[in-house]
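> Predicted model follows, preceded by the sequence.
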Amino acid sequence: MKITIDRKNCLGEAVCTAVAPGYFRMADDGKAEIIRENGEEKDVRDLMDAKTLCPAAVIKIDHM
């Protein structure tokens, strides 16, 4: 699965980094950034939680 984030509209709440720290981190500008773009099946639940819980709804997960 392919993970993308709309950093321009990120609110910097860091929910994604708490839920899926292996995929997201907070950048120096206070917004989340992706550190791993391709999700593994074993991490589907965490990635979907990050997407669902994101207050700005800027995370997109495409199943390939």
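Looks like it came in fine.
> tell me which residues in stretch 16-24 are buried?
Residues of stretch 16-24 classed as buried by neighbour count (16 or more other C-beta atoms under 10 Å): 16-17, 19-20, 23-24. In this view, the C-beta of every residue, glycine as well, is placed from N, C-alpha and C.
> same check, this time on stretch 51-60
Quick answer for stretch 51-60 (16+ other C-beta under 10 Å): 51, 54, 58-59.
> mind putting those in a markdown table, secondary structure included?
Shown next, in a markdown table, are these (DSSP: H, G, I helix; E, B strand; the rest coil):
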| residue | secondary structure |
| --- | --- |
| Lys51 | helix |
| Cys54 | coil |
| Val58 | coil |
| Ile59 | strand |
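> now for those residues, which pair is the farthest apart?
Lys51 and Val58 (9.1 Å; C-beta to C-beta).
> What score does Glu40 have for pLDDT?
pLDDT recorded at Glu40 is 88.
> now do His63
For His63, the pLDDT comes out at 79.
> measure it to Met26 for me?
26 Å (C-beta to C-beta, to the nearest Å).
> ranges for the helices of the chain?
Assigned by DSSP state H, the helices in the chain fall at 15-19, 44-53.
> picking that back up, which of His63 and Met26 has more neighbours?
Between His63 and Met26, Met26 has the larger neighbour count (other C-beta atoms under 10 Å), namely 15 against 7.
> which residues touch that one?
The neighbours of Met26, taking C-beta atoms under 8 Å, 6 or more residues apart in numbering as the test, are 12, 14, 17, 32-33.
> which residues in the protein form strands?
Assigned by DSSP state E, the strands in the chain fall at 2-5, 24-26, 32-34, 59-62.
> what's the first one in contact with?
Taking contacts as C-beta under 8 Å, 6+ apart, the residues outside strand 2-5 that touch it are 16, 23-24, 32-34, 36-39, 47, 58-62, 64.
> still on that earlier bit, could you redo the strands of the chain as a markdown table and give each row distance to Asp43?
Shown next, in a markdown table, are the strands of the chain (distance: least, C-beta to C-beta, whole Å):
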| stretch | distance to Asp43 |
| --- | --- |
| strand 2-5 | 10 |
| strand 24-26 | 11 |
| strand 32-34 | 13 |
| strand 59-62 | 10 |
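> Quick check, Thr17 in contact with Ala32.
Yes. If you go by C-beta atoms under 8 Å, Thr17 and Ala32 touch, sitting 6.3 Å apart.
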